[in-house]
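Enquirer: Please work out how this folds:
(chains A, B and C)
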Amino acid sequence: MNKKMNLLVFSGDYDKALAALILANSARELDVDVTMFFAFWGLCLVRDPEKATSDDKTLYEKMFGMVTPKGPEELPLSRMNMVGLGKQMLLEMMEDDKAPSLTDFLNGARKKGVKFYGCKLSVDVMGFKPEELLPEVEIITAKEYLSDALDSDMQLFI
Amino acid sequence: MNKKMNLLVFSGDYDKALAALILANSARELDVDVTMFFAFWGLCLVRDPEKATSDDKTLYEKMFGMVTPKGPEELPLSRMNMVGLGKQMLLEMMEDDKAPSLTDFLNGARKKGVKFYGCKLSVDVMGFKPEELLPEVEIITAKEYLSDALDSDMQLFI
Amino acid sequence: MNKKMNLLVFSGDYDKALAALILANSARELDVDVTMFFAFWGLCLVRDPEKATSDDKTLYEKMFGMVTPKGPEELPLSRMNMVGLGKQMLLEMMEDDKAPSLTDFLNGARKKGVKFYGCKLSVDVMGFKPEELLPEVEIITAKEYLSDALDSDMQLFI
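Expert: Numbers count the residues shown, from 1 in each chain, chains lettered A, B, ... in the order given. Have a look, this model is predicted:
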């Protein structure tokens, strides 16, 4: 039977999202089953940049949707972001090394069959509509996440 | 035998504390044994807001006790705190969805038999007195934490 | 057979580095095998402060090398750093309690046989030369890290 890795992606930082997706892609290449559970800020990574909507949201939910990153490339760095300057520096260095971008790693994970879950409570509180997220994202509860995670060989909170 | 989850709560952020306590409550509802080890900033979550004291502390310990959050509701957000504005927005959105508050989840965890540990070294260095913490919190060393964590089915660093 | 702990050190924060190294030292004292995988900002912890170089680096890599912490004692706090003031307060409180410093814990981990790995992709992108890192650090890929981590009894992302 395959080994299994479970990542809880809580952070909405560009660099941490990169770490999570590099691990997910690498694990799939080793034939390890991978599930990612996106909660709180982590949901910003799986927002579809084309599908942000304000329909049927409270005022706070509208505001929140507007001030948070809409998809992978808008995420800020966890440190040294410096109004985007540090992030630009990182992106240039990644390009110099021909390293794939965050979006490349995200699409790689989608193609390689990483299982994507979104946290029900977070989606409800933040007012994200399921149709604003990538189509692969299945909304589940914290209990469902736990049942899955407890059955994995390794779990990380990122 | 029951499954067992071990959380090391290092962070003193409102949103991460919320994540940790939602996991702890959900795990107990699945009959999973849960231990939480509060270290560094994480200790702020289990300070009893009514029992802060300056007695028998060095100057630094007094200052530190004053500038750090006294209990769950004073914790800031890990991002977008914006002098409390982002946190207020989150709280309003939680209320709109009738989601329980951080204090509700903390009290839920206490009632459901989550085992609370405090890190001895952190308590010593930060100068917190055991009587300033919730009565459930038992002070243990990093080694005792590790023995417990290594016996668990899943461990997270939050 | 010994139990085994695997830490992925992503963070470049002084307090989180302290937590990681306290766990590593304590685990070794319990005869637990320990591997630490330093990625992204975490690499700053294992830079040799004496050996920073600008040779054979792109302009971005030079800038990046200059603005990031050169070794353990230059790491900032994850919160309340306040231009170094909060960190100074923590250091004074640690000294008052005769707690070992971050460098002490780092050297302890080196002496106790903790296995140190550096992330190949991070080293490449950030432009760190292997000779700028502590001699114990072996550069490996994310896949090699995963194979090691999946074989461990506990894994944390710090």
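Enquirer: which residues touch the spatially most central residue of chain A?
Expert: In chain A, the C-alpha closest to the average C-alpha coordinate belongs to A:Leu45, at a distance of 3.7 Å (CA atoms, centre = their mean). With contact set as CB atoms under 8 Å, 6 or more residues apart in numbering or on different chains, A:Leu45 has these partners: A:Val9, A:Gly12, A:Ala17, A:Phe38, A:Gly71, A:Pro72, A:Leu75, A:Leu106. Quick note: C-beta positions are derived from backbone N, CA and C, even for glycine.
Enquirer: Also near chain B: which of those, exactly?
Expert: Among those, the ones lying near chain B by CB under 8 Å from any CB of the partner chain are A:Gly12.
Enquirer: Give me the buried entries from the contacts of A:Leu45.
Expert: Burial by neighbour count, judged by 16 or more other CB atoms under 10 Å in any protein chain shown, picks out A:Val9, A:Gly12, A:Ala17, A:Phe38, A:Gly71, A:Pro72, A:Leu75, A:Leu106 from these.
Enquirer: returning to what we had before: could you dump the contacts of A:Leu45 into a markdown table and include secondary structure, distance to B:Phe157 and pLDDT?
Expert: Formatted as a markdown table, the contacts of A:Leu45 follow (DSSP: H, G, I helix; E, B strand; the rest coil; distance: CB to CB, whole Å; pLDDT from 0 to 100):
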| residue | secondary structure | distance to B:Phe157 | pLDDT |
| --- | --- | --- | --- |
| A:Val9 | strand | 14 | 98 |
| A:Gly12 | coil | 18 | 94 |
| A:Ala17 | helix | 18 | 97 |
| A:Phe38 | strand | 18 | 98 |
| A:Gly71 | coil | 27 | 92 |
| A:Pro72 | helix | 24 | 93 |
| A:Leu75 | coil | 21 | 92 |
| A:Leu106 | helix | 24 | 97 |
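Enquirer: Which of the contacts of A:Leu45 sits closest to chain B?
Expert: When the contacts of A:Leu45 are ranked by distance to chain B (CB to the nearest CB), A:Gly12 comes first, at 7.0 Å.
Enquirer: Which pLDDT value belongs to A:Asp82?
Expert: Not quite, residue A:82 is Met, not Asp. If you check A:Met82, the pLDDT there is 67.
Enquirer: Also A:Asp48?
Expert: A:Asp48 is assigned a pLDDT of 93 by the prediction.
Enquirer: Skip the chain neighbours and tell me the closest residue to it.
Expert: For A:Asp48, ignoring the flanking residues on the chain, the nearest one in space by CB to CB, 6 or more residues apart in numbering or on different chains is A:Leu134 at 5.6 Å.
Enquirer: Tell me the backbone dihedrals of that neighbour, please.
Expert: In terms of degrees, to the nearest 10, the main-chain angles of A:Leu134 are phi -60, psi 150.
Enquirer: Could you check how far it is from chain B?
Expert: From A:Leu134 across to chain B, the span is 21 Å (CB to the nearest CB, to the nearest Å).
Enquirer: next one: A:Lys3
Expert: Distance check for A:Lys3 against chain B: by CB to the nearest CB, it reads 14 Å.
Enquirer: With A:Asp31 instead?
Expert: Shown here: A:Asp31 relative to chain B, a distance of 22 Å by CB to the nearest CB.
Enquirer: just A:Ala27 next, same as before
Expert: In this structure, A:Ala27 and chain B are separated by 17 Å, where distance is defined by CB to the nearest CB.
Enquirer: Tell me which residues touch that residue, please.
Expert: Listed by CB under 8 Å, 6+ apart, the contact partners of A:Ala27 are A:Met5, A:Val34, C:Leu146.
Enquirer: So is the strand or helix carrying A:Met94 next to chain C?
Expert: A:Met94 belongs to helix A:85-96 when elements are defined using DSSP states H and E. Yes - using CB under 8 Å from any CB as the criterion, contacts between helix A:85-96 and chain C involve A:Met89, A:Leu90, A:Glu92, A:Met93, A:Met94, A:Asp96.
Enquirer: Just give me the neighbour total for A:Thr141.
Expert: A:Thr141 is flanked by 14 other residues according to other CB atoms under 10 Å in any protein chain shown.
Enquirer: again, but for A:Asp55
Expert: Taking other CB under 10 Å as the criterion, the count of residues near A:Asp55 is 7.
Enquirer: Identify the spatial nearest neighbour of it, chain neighbours not counted.
Expert: Spatial nearest neighbour of A:Asp55, excluding adjacent residues (CB to CB, 6+ apart): A:Lys129 at 7.9 Å.
Enquirer: any idea which of the contacts of A:Leu45 is the one closest to chain C?
Expert: Proximity of these to chain C was ranked by CB to the nearest CB; the top entry is A:Val9 with 10.3 Å.
Enquirer: In contact with the closest one, which residues are there?
Expert: If a contact means CB under 8 Å, 6+ apart, then A:Val9 has A:Lys16, A:Ala17, A:Ala20, A:Met36, A:Phe37, A:Phe38, A:Ala39, A:Gly42, A:Leu45, A:Ile158 as its contacts.
Enquirer: Just the strands from chain A, written as ranges.
Expert: Along chain A, the stretches classed as strands by DSSP state E are A:4-9, A:33-38, A:115-119, A:138-140, A:154-157.
Enquirer: Run a quick neighbour tally on the residue nearest to A:Thr68 when sequence neighbours are not counted.
Expert: Here the nearest residue to A:Thr68 in space, its sequence neighbours aside, is A:Cys44; by CB to CB, 6+ apart that works out to 5.4 Å. Burial measure for A:Cys44: 23 neighbouring residues, criterion other CB under 10 Å.
Enquirer: Quick check: A:Cys44 vs chain C, distance?
Expert: In this structure, A:Cys44 and chain C are separated by 18 Å, where distance is defined by CB to the nearest CB.
Enquirer: Show the contacting residues for that residue.
Expert: Taking CB under 8 Å, 6+ apart as the contact definition, A:Cys44 lies against A:Gly12, A:Thr68, A:Pro69, A:Lys70, A:Gly71, A:Glu74, A:Leu75.
Enquirer: Nearest to A:Asn25 among the residues you listed?
Expert: In terms of CB to CB, no member of the contacts of A:Cys44 lies closer to A:Asn25 than A:Leu75, at 17.3 Å.
Enquirer: and stretch A:61-73, how far apart are its ends?
Expert: Taking CA to CA, to the nearest Å, the span from the opening residue of stretch A:61-73 to its closing residue is 21 Å.
Enquirer: gap between it and the chain center?
Expert: Centroid separation between stretch A:61-73 and its chain, computed with CA atoms, centre = their mean, to the nearest Å, is 13 Å.
Enquirer: swap in stretch A:10-18?
Expert: On the basis of CA atoms, centre = their mean, stretch A:10-18 sits 7 Å off its chain's mean C-alpha point.
Enquirer: Any regions of chain A where pLDDT drops low?
Expert: When the per-residue scores of chain A are filtered using pLDDT under 70, the ranges that remain are A:82-83.
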